[in-house]
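Novice: return atomic coordinates for the entry below.
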Amino acid sequence: MIKESILRTPLAVVIAIVVFLFTVQSGYAQEENEETGDRSSPSSLVEAERDTMMLPAMGDKSDYPSGHAARRSFYSKNEATVGTLPDPLPLNWCLERAQQTNPSIAVNEAAAAAAAHRISPAGALEDPRFSYEAINIPVGDFDFNSTPMSGNQLRLMQKFPFPGVLSNREEAARAGASAATEDLEDQRLRVAAVVESRWAELGFSQRALEITDANLDLLRQLTEIAETKYSVGLGLQQDVLRAQVELTRLLEERLRRIEALRAAEAQLAAALDLPPQTLFPRTTDLRDESSLPEIAPLLGHLDDTSPMLRALAERVEEAERMHRVTKFEGYPDFDLGVGYRIRQSAPGDPVTGDDFVSAGVTLRLPVNRGKWREKTAERAALVRRAEAVYRDGRARLRDAVRTTFAALERADAEVALLETGLVPQTRQSLDSSRSGYQVDKVDFLSLIDSQVRLLDAELSLVRAVADRRAAFAALESAIGKELR
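Specialist: Numbers count the residues shown, from 1 in each chain. From the prediction side, this is the model:
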C-alpha cells in the first residue's frame, strides 16, 4: 500500500470529486446541445420551410433575424407566400396538406412522442448517489494523522424499490404512450372529417353563388319581357314592379352568398394552415356515389375500430397499473451502499493506516399505514373514474354514430328525391310558365313563383350533396375507418 499517495490527501480527494462533477456536467451540456441542434438544425428548418411554404434558400445568417423577430418573419412569409393551389381544387390535396400542416395534429404528434419517451425512464432505477465525507477530524489541529479514526470517506448508494414497482410503472407509461398514439390517430380522423366537411361547404357556397347568378340572368330576361309587354300595352305595371322587387331580393341574396363563400374559404384555410385571405379555386365535383353501409356491423365493432375508445381503454389500463404501483410503494424499499475510507497511519493505529471498507442497507419503513391506504384509495377512485369515462365515451360515440348515420340517410334520400324529381319538375314548370306568359296564358305572378321554386330546388340539391359528403366523413371519423 502506498501510504503517502497523493490520493490520501483531503485536497486531492476534493479536487478529484470536482473534476468528476465537471466532467459529468460537461457531458450533460454536450448532450443538451446535440438535442437542441437536432430540434433546430438549420438544414431541417430550411427544408421544412421550403417544402411547406416555398421560402427562398438561406443565405448569410446575418441577413436573418433571431428570436421573436425570426418567428414573426417566418409567419409573415407564411402568409405572404402560398404555393400554387390546384385548379380545380380536389379533396385529396386538401386532406394530404391537412395531415402535414394542421396544428392540432402537430400537437398530438408531440404529445405521442413525449409519452413514448416516458416508457424507459419509468422502468429504470434511480441514479446512484455518491457522497464524500471528511470524517473524524480533530478540531484542535485538523490533522488526518492525529487519530486512527480520521479519513476521507467515499460512499456509493443505490435505491431499490419494492419488486413490482418499476415493472408496473413502466407498463403504465407504455399504456399512456399507446393512449397518446390512439389520440393522435383519432385527431387525424377528426381533422380529415373537418377538412372534407369544409371542402364540401366551400363547394356548396361556390355552386350556390353560381346558381344565384344564373337565376339573376334568368330573372333579368323575365324582367325585360315584362317591361316589353308593358311598353306595348300588353302587360301590367304591377308585373314590372314585381319583377324589379324580385330582382332586388335576389341581388340581396347574392350578397349573402358571397359572404358565405368568404366564410367557407376562411374556415378551410384555417384547417389547412393557409393565410385567411386565401382565395380557393372551384372545387371538383361534390358528388359521392358510395353506397351507404349497414349500421349494425358498425356499432358491433365500434370498440375495435374507434381510436377514441382504444385510447380510453388504454387510460383504464394506465390507471390500473398506477394503482398497483401505489400498492407496492406502500411496502418497504431499501438502499444498498458501499463505502471506502482512505486513511493515514496514526499513533496507536492497530492496523497501521490500512483503509476501511464498509457496506450497508437502509430500509424505508412505511409505518403510517393510514397514509398509504389513502393513496391506494385515491388510485382506486381514479381507476373507477377511467372506467366511467370509457363507458360514457362509448355511449356518446354510439349515439353520435346513430345520429350521423341518420343524417347520412336523410341527405342520401334528399339527393335522390331532388335529383330525379323536384329539380327536373320545377325546371319544366318554369319553362312551361315562361312560354305561357309570352302568350298571355299564365300570369306574371305564377311565372315568378316558378322561378323561385327552381332556385330553391337547385340550392337544396347542392346542399343535400354537400351534407351527404359531410355526414359520410363524420361517420368515418366516429367509427375510425374508411367506408368509401
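
Novice: okay, now the nearest residue to Gly176 once chain neighbours are set aside: neighbour count?
Specialist: Of all residues not flanking Gly176 in the chain, Glu318 sits nearest, at 4.9 Å (C-beta to C-beta, 6 or more residues apart in numbering). In this view, the C-beta of every residue, glycine as well, is placed from N, C-alpha and C. Burial measure for Glu318: 22 neighbouring residues, criterion other C-beta atoms under 10 Å.

Novice: and Arg385, by the same measure?
Specialist: With other C-beta under 10 Å as criterion, Arg385 counts 13.

Novice: just checking, the residue nearest to Gly176 touches Ala172?
Specialist: Yes: at 5.0 Å, Glu318 counts as touching Ala172 under the criterion of C-beta atoms under 8 Å.

Novice: run the chain-centre distance for the helix or strand harbouring the residue nearest to Gly176.
Specialist: Per DSSP states H and E: Glu318 is located in helix 307-329. The chain centre lies 22 Å from the centre of helix 307-329; the measure is C-alpha atoms, centre = their mean, to the nearest Å.

Novice: what do you get for stretch 276-291?
Specialist: 24 Å.

Novice: same thing with stretch 243-262?
Specialist: Stretch 243-262 sits 39 Å away from the centroid of its parent chain (C-alpha atoms, centre = their mean).

Novice: which outside residues touch it?
Specialist: Here stretch 243-262 makes contact (C-beta atoms under 8 Å, 6 or more residues apart in numbering) with 202, 205-206, 208-209, 212-213, 215-216, 219-220, 222-223, 226-227, 444, 448, 451-452, 455.

Novice: from Gly353, how far off is Gln438?
Specialist: The gap separating Gln438 from Gly353 is 127 Å, by C-beta to C-beta, to the nearest Å.

Novice: same check on Ala208?
Specialist: According to C-beta to C-beta, Ala208 stands 98 Å off from Gly353.

Novice: and if you look at Val191?
Specialist: Remark: distance between Val191 and Gly353 (C-beta to C-beta) = 74 Å.

Novice: for these two, work out which one has more neighbours and name it.
Specialist: Set side by side, Val191 and Gly353 show more neighbours around Val191, with 21 against 16, by other C-beta under 10 Å.

Novice: so the more buried one makes contact with Ala271?
Specialist: Yes: Val191 is in contact with Ala271 according to C-beta under 8 Å; the separation is 7.0 Å.

Novice: shaky segments in the stretch 151-300 of the chain?
Specialist: 234-235 (pLDDT under 70).

Novice: for it, which segments are assigned as helices?
Specialist: 165-231, 237-271, 295-300 (DSSP state H, counting those that start in this stretch).

Novice: among those helices, which is nearest Ser131?
Specialist: Ser131 sits nearest to helix 165-231 of all those, at 23.8 Å, using C-beta to C-beta.

Novice: I'd like to know which elements that closest one is packed against.
Specialist: helix 91-101, helix 103-116, helix 119-122, helix 237-271, helix 307-329, helix 423-438, helix 444-479 (3 or more C-beta pairs under 8 Å, 6 or more residues apart in numbering; DSSP states H and E).

Novice: how far off centre is it?
Specialist: Worked out by C-alpha atoms, centre = their mean, helix 165-231 lies 18 Å from the chain centre.

Novice: check contacts around the nearest residue to Arg207 once chain neighbours are set aside.
Specialist: Nearest residue to Arg207, sequence neighbours excluded (C-beta to C-beta, 6+ apart): Val462, at 4.7 Å. With contacts defined as C-beta under 8 Å, 6+ apart, Val462 is in contact with 204, 207-208, 211, 286.

Novice: same thing but 10 Å
Specialist: Val462 makes contact with 200, 203-208, 210-211, 286, 415, 418 under the criterion C-beta atoms under 10 Å, 6 or more residues apart in numbering.

Novice: cool, and Leu222?
Specialist: Leu222 makes contact with 239, 242-243, 246-247, 430, 433-434, 437, 444, 447-448, 450-451, according to C-beta under 10 Å, 6+ apart.

Novice: quick check: the farthest pair among these?
Specialist: The most distant members of the contacts of Leu222, if one measures by C-beta to C-beta, are Leu247 and Ser433, lying 17.1 Å apart.

Novice: between these two, which one's more packed in?
Specialist: Ser433 (24 against 15).

Novice: for that one, what are its contacts?
Specialist: Ser433 makes contacts with 222, 441-451, 453-454, as judged by C-beta under 10 Å, 6+ apart.

Novice: quick one on the thing from earlier: joint contacts of Val191 and Ala271?
Specialist: Joint contacts of Val191 and Ala271 (C-beta under 10 Å, 6+ apart) are 98, 102-104.

Novice: reformat those as JSON lines; add distance to Pro161.
Specialist: What follows is those, written out as JSON lines (distance: C-beta to C-beta, whole Å):
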{"residue": "Ala98", "distance to Pro161": "45"}
{"residue": "Asn102", "distance to Pro161": "42"}
{"residue": "Pro103", "distance to Pro161": "40"}
{"residue": "Ser104", "distance to Pro161": "38"}
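
Novice: follow-up on the earlier one: show me the one of the helices and strands packed on helix 165-231 that comes nearest Pro347.
Specialist: helix 307-329 (50.6 Å).

Novice: just list what that closest one packs against, helices and strands only.
Specialist: helix 165-231, helix 302-305, helix 369-417, helix 444-479 (3 or more C-beta pairs under 10 Å, 6 or more residues apart in numbering; DSSP states H and E).

Novice: quick check: which of those is nearest to Gln425?
Specialist: It is, among those and with distance given as C-beta to C-beta, helix 444-479, at 8.0 Å.

Novice: tell me the mean pLDDT for the closest one?
Specialist: Mean pLDDT, computed over helix 444-479, is 90.

Novice: can you list the buried residues in stretch 476-484?
Specialist: Buried positions in stretch 476-484, judged by neighbour count with 16 or more other C-beta atoms under 10 Å: 476-480.

Novice: then stretch 366-378?
Specialist: 372, 376.

Novice: next one: it to chain centre, how far?
Specialist: 37 Å.

Novice: can I get it in CSV? Just the C-alpha atoms.
Specialist: What follows is stretch 366-378, C-alpha atoms only, in CSV (Å, rounded to 0.1, in the frame of the first residue of the first chain):
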residue,chain,number,x,y,z
PRO,A,366,-44.0,2.8,5.8
VAL,A,367,-45.3,2.7,9.3
ASN,A,368,-48.1,5.3,8.6
ARG,A,369,-50.4,2.8,7.0
GLY,A,370,-53.3,5.4,7.0
LYS,A,371,-51.4,7.5,4.6
TRP,A,372,-50.8,4.6,2.2
ARG,A,373,-54.4,3.4,2.5
GLU,A,374,-55.5,6.9,1.4
LYS,A,375,-53.1,6.9,-1.5
THR,A,376,-54.3,3.5,-2.6
ALA,A,377,-57.9,4.5,-2.3
GLU,A,378,-57.2,7.6,-4.4
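
Novice: other residues contacting it?
Specialist: The contact list for stretch 366-378 (C-beta under 10 Å, 6+ apart) reads 162, 322-324, 326-327, 329-333.

Novice: same thing but 8 Å
Specialist: Residues contacting stretch 366-378 (C-beta under 8 Å, 6+ apart): 323, 326-327, 329-332.

Novice: of these, buried ones?
Specialist: In those, the ones that pass as buried (16+ other C-beta under 10 Å) are 323, 326-327, 329-330.

Novice: tabulate the residues you listed (a markdown table), appending distance to Ser306 and pLDDT.
Specialist: What follows is the buried ones among the contacts of stretch 366-378, written out as a markdown table (distance: C-beta to C-beta, whole Å; pLDDT from 0 to 100):
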| residue | distance to Ser306 | pLDDT |
| --- | --- | --- |
| His323 | 25 | 97 |
| Thr326 | 30 | 96 |
| Lys327 | 31 | 95 |
| Glu329 | 34 | 94 |
| Gly330 | 36 | 94 |
